[in-house]
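# Give me the fold of what follows.
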Amino acid sequence: MTFALGAAPALAAEPVEDFSAAAVQPASTVSQTLDTSSENTALAGASIDSVLQLDDVGDVPHGYDVAAAIELAESEIGSSRPTGWSQPGECIMSAQRWIRAGGGAWTGGGDPVSNYDNATRMTLAAAAPGDIIQYENVASPTSWVTGVHTVLITEVNKDGTFTIIQSNSPGGSGLVTKEENWTPAPPEGFQAAVWRF
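The predicted structure is shown next:
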């Protein structure tokens, strides 16, 4: 036994269907394949850096006074601030404070990716003083998980290493420190994302 739960008016107009767009469809289709096997050397070991476009040229100028930001960061070396969610001793909160001191529009927030709404994602090779390096989790880049860390580049050294200023290193200390000859060494499962405001 079947019951009809809907009803149509007895004098309803018949729907008009327009199939004119179907006439422009190709007469045949083309089959495409994507080789994702490990034998494909072009893809072997490749990773997807971000859902965002990368600027690989590095010609995007900073939109703030980099010298002022670095000056504030350097003045805080050796000091310590409280840590915890949104506390001033956290690495990202310190980096935001430094960038904003130079007039940078760091207004994003929420997670390690949306924090950079007003920034341009750069390649590591294009990184310059005033850029931020954010360790982000590859499997879940928008999660605040152990291993996420934020640093400010203050100098690019001739050997390709960086001088950086960071906060909350070691973790939980809220301590602002400076490291010279630093290279990104994200924990396993993380990548170093470079951001420019």
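# next structured bit after the least confident helix or strand in the chain by mean pLDDT?
When each helix and strand of the chain is scored by mean pLDDT, DSSP states H and E, strand 54-55 comes last, with a mean of 54. As assigned by DSSP states H and E, the chain's next helix or strand after strand 54-55 is helix 66-75.
# With only the CA atoms kept, save that next one in PDB.
C-alpha atoms of helix 66-75 as PDB (Å, rounded to 0.1, in the frame of the first residue of the first chain):
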ATOM      1  CA  VAL A  66      59.500  47.100  10.300                       C
ATOM      2  CA  ALA A  67      62.200  49.000  12.200                       C
ATOM      3  CA  ALA A  68      59.700  50.100  14.900                       C
ATOM      4  CA  ALA A  69      58.500  46.600  15.300                       C
ATOM      5  CA  ILE A  70      62.000  45.200  15.600                       C
ATOM      6  CA  GLU A  71      62.900  48.000  18.000                       C
ATOM      7  CA  LEU A  72      60.100  47.100  20.400                       C
ATOM      8  CA  ALA A  73      60.900  43.300  20.100                       C
ATOM      9  CA  GLU A  74      64.500  43.900  20.900                       C
ATOM     10  CA  SER A  75      63.600  46.100  23.900                       C
END
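# I'd like to know which elements it is packed against.
For helix 66-75, the contact count by 3 or more Cβ pairs under 8 Å, 6 or more residues apart in numbering; DSSP states H and E identifies helix 91-101, strand 149-156, strand 162-167 as packing neighbours. Every C-beta, even on glycine, is put in place using the N, C-alpha and C of the backbone.
# change it to 6 Å
Helices and strands touching helix 66-75, by 3 or more Cβ pairs under 6 Å, 6 or more residues apart in numbering; DSSP states H and E, are helix 91-101.
# Excluding chain neighbours, give the residue nearest to Ala128 in space.
Sequence neighbours aside, Val156 is the residue nearest to Ala128 in space, at 6.2 Å (criterion: Cβ to Cβ, 6 or more residues apart in numbering).
# what are the bridge partners for that neighbour, then?
Val156 has the following beta-bridge partners by DSSP bridges: Phe162.
# what about it, how many neighbours?
15 (other Cβ atoms under 10 Å).
# per-residue pLDDT, the spatially most central residue of the chain?
Centroid check for the chain by Cα atoms, centre = their mean gives Val113 as the closest residue, at 4.0 Å. We have a pLDDT of 89 for Val113.
# Confirm for me that it is in contact with Pro141.
Yes. The criterion here is Cβ atoms under 6 Å, and Val113 meets it with Pro141 at 5.2 Å.
# in the chain, which ranges drop under the pLDDT threshold?
1-58 (pLDDT under 70).
# Find the residue closest to Pro187 in space, skipping its chain neighbours.
Leaving aside its chain neighbours, Pro187 sits nearest to Gly147 (4.2 Å; criterion: Cβ to Cβ, 6+ apart).
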